[in-house]
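Below: sequence and its predicted model.
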Amino acid sequence: MTPSTVSRATPEFQSAAIGAEVLRLTNVSKHFPGVRALDEVCFDLRRGEVHAVCGENGAGKSTLMKIISGQYQPDGGGIAYKGEARRFANSLDAERAGIAIIHQELNLIPHLSVAENIYLAREPKRGWFIDRATLRRDAQACLDRLGVDIRPDALVKSLSVAQCQMVEIAKALSLNAEIVIMDEPTSSLTESETALLFQVIHELKREGVGIVYISHRLDEMAAIVDRVTVLRDGRYVSTHDFAATSVDDIVARMVGRSLEEKFPERTSVPTDEVLLSVSGLTRRGVFHDVGFELRRGEILGFAGLMGAGRTEVARAIFGADPLDSGRIRLGDRDITVRSPRDAIDHGLAYLSEDRKSHGLAIKMSVVQNLTLATMDAMSNRFGFIDFEAEAKAAKTYIDLLSIRTPSPHQVAKLLSGGNQQKIVIGKWLLRQSRILFFDEPTRGIDVGAKFAIYQLLDRLAAQGIGVVLISSELPEILGLTDRVAVFHEGCLTAVLNTRDTSQEEIMHHASGHSRPTAPGAATP
Amino acid sequence: MSDISTTTNSAPPSAREPGEPKARMMNDKKKDLIQKFAALASLMLLVAVFAMTSDAFLSVNNGMTIALQVTSIAYLGIGATCVIITGGIDLSVGSVLALAGVVAALAVKAGVPVPLGMGLGILVGAFCGLLNGLCVTRLKLPPFIATLGMMLVARGVALQITGARAVSGLGESFGELGNGALFRVVTIGDDGFPNVVFPGIPYPVILMVVAAIAVAVMLSRTTLGRHIYAVGSNAEAARLSGVNVARVTLVTYILSGSLAGLTGCVLMSRLVTAQPNEGVMYELDAIASAVIGGTSLIGGVGTISGTAIGAFVIGILRNGLNMNGVSAFTQQIIIGLVILLTVWIDQIRNRR
């Protein structure tokens, strides 16, 4: 394909008006083992329109995108592209047909130039060699069409994130894309960069490209979005003209479910005794001036969007990442935490959201994982392990947490996700930790195992342990916690009493879109 | 926390555990056993084949010769195993052993008593290991690069301080460690010539057994050993569990360096001459013995017993091929193929 011959400037597309339908998904479903990621979802896209897809984390947006872009094949339903029923075998197939996707993590090669990236694997050739002149000229033409000022010879590693995004869009244009999918394109852009991106999006619209736009930032959408479709729990909720709806309305539809998942009744009330209090926690560029208190027997939720800084705050308190400033008090004395070792010695525990890469030594056995944080207590002063004590302690927690394993010496890698999670929890219970940070403890595990973990959290709180529950699932936060700390872009925006709040209020604080009518931050 | 069980046991209606993985796990266990057995069996097979093809192969004398030849690979292999389990690699041991050996020899030549001189050699090895470890943990250099640098530096220093000449004239006592043996029984025959009834167990072999058992116990029975496996299995998880990852890593490099120092002293003692060019490419034998013994270069997996088997596989191959008059070049080809074969088998086992 010679990109210089590409022309989409037919009169039909030069009008800014929204054109004919280019894509229609009818009752598309996708199942993964144990999860119904998409359930009979409908979606359509017209030329020259920006169609936003909204929903909470886990609502099915990513799955929908991956189906449109050919990365997943739907289990049921149909896809009509330009009026014809199509099935894309893979992403390359979809790309050839004119569907481009711009991922949140950009897929450019840093050490190659802008032009080389745009035409990667489709370089214009003269005989055996790359035709550099044509490559440059074509790349320049693509960039010019977007009206962006990037040199085709610049190395990608020298560009800003926003510029990289422009290069990705230029690449999509060079591919003759008729549909461009953008996944959280503004999440790492500054305001002026966002404005530039929106200009480019307007340019794409004028060229008749249909844009699927996924973003958490509802406030920004008014500038570009024509229609919005809301998904919830993998199901289709509604589609509206953006102009005829409001941000509040969209949020209400996104979270609109009742607490249908079953949560155990909380059996205890928190005491007034403060276990942990932090203030002024700052890590430059990550989070700023975060302060909160955790009480004995309390479950404190950390709510917020991905990347709001919840995990980072927890990791810093645990000594896994450095802090620039801030105070950590345990009861009534200040403590210094330089490493996870320090934190563990102070009775803190952190259960990572990324179980496989940060929580579990997958090649080691169930027993060895359970006792990993408690080896000092399991060995004599020469470092020789007391295998009997170790086996006994491990058995206690295997029984207590009903970890399903054929043998305590089974390699952790071979257990199911839920059981692996129980091992990591068991590791900290065995350590007798008093303050537990649970980061997305139920991610990727089945409903039954989730319930067991909810019950466990409640039991732990009843025993006077302080629990911080970081969760992106609002029902989990509402169903389990006593109070909720809401984060937005590295700042703690509100601490709410769970009993007096709602998903809508939390979402508003989490998106930085504070509603004047909302009750202010409350602490008991 | 005893009351947790009452609720967790009565848990969710939909908690299910398919029976299928259980069957698979049993199968895995079997595979593991087969792998362990297979390594040992192939060793036995080698012995059987060489015993048939060469009359002199299966004798006490040759057995001791093989054991003696295997010692240097084994010392280095033991250190390499610990380093590799943490996910690292030590390419410097061949050079470090040369440096340690010549330092010991120069010290003895300068009048230092032999045991002290050799102790100094081992310390030099430990120091090189310490530098390797600091480069990896403090400067965050990839282990391959850090130890590659040390490989060149140590060899250069060894050549520099000796003027690239062998250090000889070290006296008989310098050769005691490498050439002496325990329980050696010699009678003087009627013709006046000594008659060796039992060649004895060479000191290096005893040292090898002691080192292997000590490190095996350290790896399997102590906190340090557990932490070494944890670091190699998942360094971040280990760190978040309170393991001092840097210290554990450092210890393995120091151990590897010390064992290289010991190897240098033993080798130089056997020749009663210190050669600054000794030990070239020995690091590859060490890594090969660990890998043949089932140690994973990705880290987290490996045993000393496996490495011992690996060292003997290499040693017996060399010895047996020698006795059958196979040329040194052909030997290299065969050993190379054996490494490829064993690692390929290991890959299949892990692919599942």
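Cool, got the structure. Residues are numbered from 1 along each chain as shown, chains lettered A, B, ... in the order given.

List the contacts of residue B:236.
By CB atoms under 8 Å, 6 or more residues apart in numbering or on different chains, the contact set of residue B:236 is A:357-358. Using the backbone N, CA and C atoms, a C-beta is placed for each residue, glycine as well.

Shouldn't it be within a helix?
Yes: judged by DSSP: H, G, I helix; E, B strand; the rest coil, residue B:236 forms part of a helix.

Which pLDDT value belongs to it?
pLDDT recorded at residue B:236 is 91.

Equivalent analysis for residue A:190, please.
76.

can you tell me the helix or strand for residue B:164?
Here residue B:164 is covered by no helix or strand, with elements defined by DSSP states H and E.

Surely it touches residue B:157?
No: judged on CB atoms under 8 Å, residue B:164 makes no contact with residue B:157 at a distance of 11.7 Å.

between the two, which one's more packed in?
Per other CB atoms under 10 Å in any protein chain shown, whichever of residue B:164 and residue B:157 has more neighbours is residue B:157, with 19 against 10.

Show me what the residue lying closest to residue A:103 once chain neighbours are set aside is bridged to.
Closest residue to residue A:103 apart from its sequence neighbours, by CB to CB, 6 or more residues apart in numbering or on different chains: residue A:183 at 5.6 Å. The partner list for residue A:183 in beta bridges (DSSP bridges) reads residue A:214.

Based on its surroundings, how many neighbours for residue A:183?
By the criterion of other CB under 10 Å, residue A:183 has 20 neighbours.

show me the contacts for residue 76.
The chain I'm using is chain A. Contacts for residue A:76 (CB under 8 Å, 6+ apart) come out as A:27-29, A:40.

try chain B instead
Neighbour list for residue B:76: B:93-94, B:97, B:256, B:259-260, B:263, B:282-283, B:285-286, B:289 [criterion: CB under 8 Å, 6+ apart].

same check, this time on residue A:56
Applying CB under 8 Å, 6+ apart to residue A:56 gives the contacts A:232, A:254-255, A:472-474.

Secondary structure of it: a helix, I assume?
No: assigned with three-state DSSP, residue A:56 falls outside any helix and is coil.

Show me where the chain dips below the pLDDT cut-off.
Reading this off chain A. A:1-17, A:33-35, A:57-58, A:256-262, A:444-448, A:513-524 (pLDDT under 70).

I was after chain B.
B:1-36, B:349-352.

Give me the most central residue, it.
residue B:77 (1.3 Å; CA atoms, centre = their mean).

check which helix or strand covers the closest residue in space to it that isn't next to it in sequence.
Counting by CB to CB, 6+ apart, residue B:77 lies nearest to residue B:289, which is 3.8 Å off, once chain neighbours are set aside. Using DSSP H and E, residue B:289 sits in helix B:282-292.

where's residue A:208 relative to residue A:379, distance?
Using CB to CB, to the nearest Å, residue A:208 is found at 70 Å from residue A:379.

Neighbour count: the two, which is higher?
The residue with more neighbours, out of residue A:208 and residue A:379, is residue A:208; 24 against 21, by other CB under 10 Å.

mind listing what's buried in the helix holding residue B:289?
Within helix B:282-292, the residues scored as buried using 16 or more other CB atoms under 10 Å in any protein chain shown are B:282-283, B:285-292.

Residue A:330 against residue A:275, yeah?
Yes: contact status for residue A:330 versus residue A:275: in contact at 7.3 Å, counting by CB under 8 Å.

For those two, indicate the residue with more neighbours.
residue A:275 (22 against 18).

Distance of that one relative to chain B?
For residue A:275, the distance to chain B equals 17 Å [CB to the nearest CB, to the nearest Å].

tell me the contacts of that residue?
Counted by CB under 8 Å, 6+ apart, residue A:275 has contacts A:294-296, A:298, A:330-331, A:434-435, A:466.

Identify the spatial nearest neighbour of it, chain neighbours not counted.
Leaving aside its sequence neighbours, residue A:275 sits nearest to residue A:466 (CB to CB, 6+ apart; 4.1 Å).

Would you mind splitting chain A into its domains for me?
Per automatic domain parsing, the structural domains of chain A span A:20-98+A:179-187+A:210-257, A:267-347+A:434-519, A:358-433.

out of these, which comes closest to residue B:82?
The closest of these to residue B:82 is domain A:358-433. By CB to CB, the value is 14.9 Å.

Now do the contacts for the residue nearest to residue A:275.
Applying CB under 8 Å, 6+ apart, the residues contacting residue A:466 are A:275-276, A:294-298, A:300, A:434-436.

Phi first, then psi, for the most centrally placed residue in chain A.
Nearest to the geometric centre of chain A sits residue A:306, at 4.5 Å (CA atoms, centre = their mean). Phi and psi for residue A:306, reported as degrees, to the nearest 10, are phi -60, psi 140.

how about the strands in the stretch 301-450 of chain A?
For the stretch 301-450 of chain A, the strands defined by DSSP state E, counting those that start in this stretch occupy A:325-330, A:333-334, A:348-351, A:435-439.

Could you provide these in TSV, with additional columns for distance to chain B?
Formatted as TSV, the strands of the stretch 301-450 of chain A follow (distance: least, CB to the nearest CB, whole Å):
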stretch	distance to chain B
strand A:325-330	17
strand A:333-334	21
strand A:348-351	6
strand A:435-439	11
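
ranking the ones you listed by burial, who's on top?
strand A:348-351 (a mean of 27; mean count of other CB atoms under 10 Å in any protein chain shown).

So what's the gap between it and the chain middle?
Counting by CA atoms, centre = their mean, to the nearest Å, strand A:348-351 is centred 21 Å from the centre of its parent chain.

sorry, back to before: which among the contacts of residue A:466 end up buried?
A:275-276, A:294-298, A:300, A:434-436.

Which single residue in the stretch 51-200 of chain B comes nearest to chain A?
With CB to the nearest CB as the measure, residue B:85 is the residue of the stretch 51-200 of chain B nearest to chain A, at 10.1 Å.

check contacts around that residue.
B:219, B:228-229, B:232, B:252, B:295, B:299-302.

in the sheet, who's paired with the residue nearest to residue A:275?
The partner residues for residue A:466, given DSSP bridges, come to residue A:435.

Assign residue B:213 to helix, strand or coil.
Once three-state DSSP is applied, residue B:213 turns out helix.

no no, residue A:105
coil.

any idea how far it lies from residue B:258?
Distance from residue A:105 to residue B:258, by CB to CB: 44 Å.

between those two, which one's more packed in?
A side-by-side neighbour count of residue A:105 and residue B:258, using other CB under 10 Å, places residue B:258 first with 24 against 7.

ok, the more buried one touching residue B:126?
Yes: counting by CB under 8 Å, residue B:258 touches residue B:126, with 4.3 Å between them.

what residues are up against the nearest residue to residue A:315 once chain neighbours are set aside?
What sits nearest to residue A:315 in space, not counting adjacent residues and going by CB to CB, 6+ apart, is residue A:321, at 4.7 Å. Taking CB under 8 Å, 6+ apart, we find residue A:321 in contact with A:283, A:312, A:315.

hmm, try it at 10 Å
Shown in contact with residue A:321 (CB atoms under 10 Å, 6 or more residues apart in numbering or on different chains): A:283, A:286, A:311-315.

again, but for residue A:428
Applying CB under 10 Å, 6+ apart to residue A:428 gives the contacts A:344, A:348-351, A:370, A:373-374, A:397, A:435-438, A:460, A:465, B:241.

Repeat that for residue B:89.
With contact taken as CB under 10 Å, 6+ apart, residue B:89 is in contact with B:80, B:83, B:136, B:142-144, B:146-148, B:256, B:283, B:287, B:290, B:297, B:299.
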